[in-house]
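Colleague: Sharing a sequence plus its predicted fold:
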Amino acid sequence: MRYIKVLIAVCLLVLPHMVVAQDDEVGLVVGGASLENEGSINPDNLTVGLTYRLNRFTQYGITPRADLDYIQVADYKEIDSLIKASINGVYEVALQSKFLPYVVAGMGYEFVPNDINNILDSNFFAQMGLGVVYHQVDGYNFTVEGKSLQILGAKDQDNEIMFTTGVSVPLSKFRKQVEKENCPRKIEGADEDRDGVTDVMDQCPYTPCYFSVDAYGCPIKATLRIHFEVDKATIRPYSMTRIENFANYLLANKGTRVKIIGHTDSDGSDAYNMILSEKRAKAVMEALIKLGVSPNRLSAIGKGKSMPVAPNDTEYGKSLNRRIEVELTYPSN
């Protein structure tokens, strides 16, 4: 029990200092581990663990994840418990569903107080497993996972097998304040993210205020004021902040698919503007992919100058028409 208290204390001390990584996730898992697997698999050793998933470092679809697990040992009288720490990579198989299978693999160290030599002792290990994650639109994720662990450098020690279920939440959920800059109140009453839907009814809290939302407070459309080089699809550096913020939101809310739509003003021919608007939409899509958003969630199209939101007879009107719109959809299970 003392190790469980240590894990909880570490979580409470560390989390307040980690909230800057708004797209990363922290999770709690529970389950069972099988330490003796010669005759049969018997996961009767209680497992409690913490996970920290670094979504902002996703590359080629692989996301780093750190695990810390406490196992209450029932298989051996000489040992009460052990602790495992590991660094893993998670690869999700992108499907048009909120239920996504994934592969996890990594390496770590198992600390065993009061070693039983050649039976159960402290050693490095490699592990690999499979799981399924259910992504909710408000950022909470539920997982079911099974892993097989290979002890390295031990002669007679059995492999270990672990089964867990858990829940994770983006660190942005721990923020006490919601950014309210340029976010006027739309309704009276409790509406923390100021999207016009009361907190009681809001199924997607902490939605950025520049989104249009549905009746449940979940985002469906937004206009991103992305600035490009003149007559080019090159994003100006100062516009990357808006793209990064949008990427962080998508990484924390993985149950969405996004259509990126480019629009231009009236200068130039129809054909030229259609091509330019599509190139700019694709440039935003490529920037989101580099920031860790799965390409399977994104699509890009151009509408040219066919859908103005303001008259093109002034420079201000033209600036409003030069825009990137994003439309969010939520695929059925």
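Modeller: Structure received.
Colleague: Mind jotting down where the strands sit in the stretch 201-333 of the chain?
Modeller: All strands of the stretch 201-333 of the chain, identified by DSSP state E, counting those that start in this stretch, fall at 211-213, 219-224, 257-263, 298-302, 323-329.
Colleague: Check the stretch 1-150 of the chain too.
Modeller: When secondary structure is read from DSSP E, counting those that start in this stretch, the stretch 1-150 of the chain shows strands at 25-34, 45-53, 62-72, 81-92, 99-111, 123-135, 141-151.
Colleague: can you count the residues close to Phe211?
Modeller: By the other C-beta atoms under 10 Å criterion, the neighbourhood of Phe211 contains 20 residues. (Each C-beta comes from the backbone N, C-alpha and C, glycine too.)
Colleague: beta partners of it?
Modeller: Ala222 (DSSP bridges).
Colleague: just to revisit the earlier point, and among the strands of the stretch 201-333 of the chain, the most buried is which?
Modeller: Of all these, strand 257-263 carries the top mean neighbour count, a mean of 21, counting by mean count of other C-beta atoms under 10 Å.
Colleague: OK, contacts around Ser266?
Modeller: With contacts taken as C-beta atoms under 8 Å, 6 or more residues apart in numbering, Ser266 has the following neighbours: 273, 305, 308, 312, 318, 321.
Colleague: Could you rerun that using 7 Å?
Modeller: 305, 312 (C-beta atoms under 7 Å, 6 or more residues apart in numbering).
Colleague: before we move on, what about Leu291?
Modeller: Counting by C-beta under 7 Å, 6+ apart, Leu291 makes contact with 244, 247.
Colleague: One more: Pro101?
Modeller: Residues counted as contacts of Pro101 (C-beta under 7 Å, 6+ apart) are 93, 130, 132.
Colleague: Which pLDDT value goes with the first one?
Modeller: Okay, so that is Val93. Confidence at Val93, expressed as pLDDT, is 81.
Colleague: burial of it, as a residue count?
Modeller: Other residues near Val93 come to 11 when the count uses other C-beta under 10 Å.
Colleague: pLDDT on stretch 55-67, on average?
Modeller: Averaging the model's pLDDT scores along stretch 55-67 yields 82.
Colleague: Met107 against Ala126, yeah?
Modeller: Yes - under the criterion of C-beta atoms under 7 Å, Met107 is in contact with Ala126, at a separation of 5.1 Å.
Colleague: Quick check: which ranges of the stretch 101-250 of the chain have low pLDDT?
Modeller: Scanning the stretch 101-250 of the chain with the threshold set as pLDDT under 70 gives 115-119, 136-139, 154-158, 172-182.
Colleague: would you list every one of the helices in it?
Modeller: Secondary structure of the stretch 101-250 of the chain (DSSP state H, counting those that start in this stretch): helices at 240-252.
Colleague: Mind listing the residues bridging to Asp67?
Modeller: According to DSSP bridges, the residues that bridge with Asp67 are Thr51, Ser86.
Colleague: so who does it touch?
Modeller: Asp67 makes contact with 49, 51, 86, 88, according to C-beta under 7 Å, 6+ apart.
Colleague: What of Lys221?
Modeller: If a contact means C-beta under 7 Å, 6+ apart, then Lys221 has 211-212, 325-327 as its contacts.
Colleague: what do you get if the cut-off is 10 Å, keeping everything else the same?
Modeller: For Lys221, the contact set (C-beta atoms under 10 Å, 6 or more residues apart in numbering) comprises 210-214, 259, 261, 325-328.
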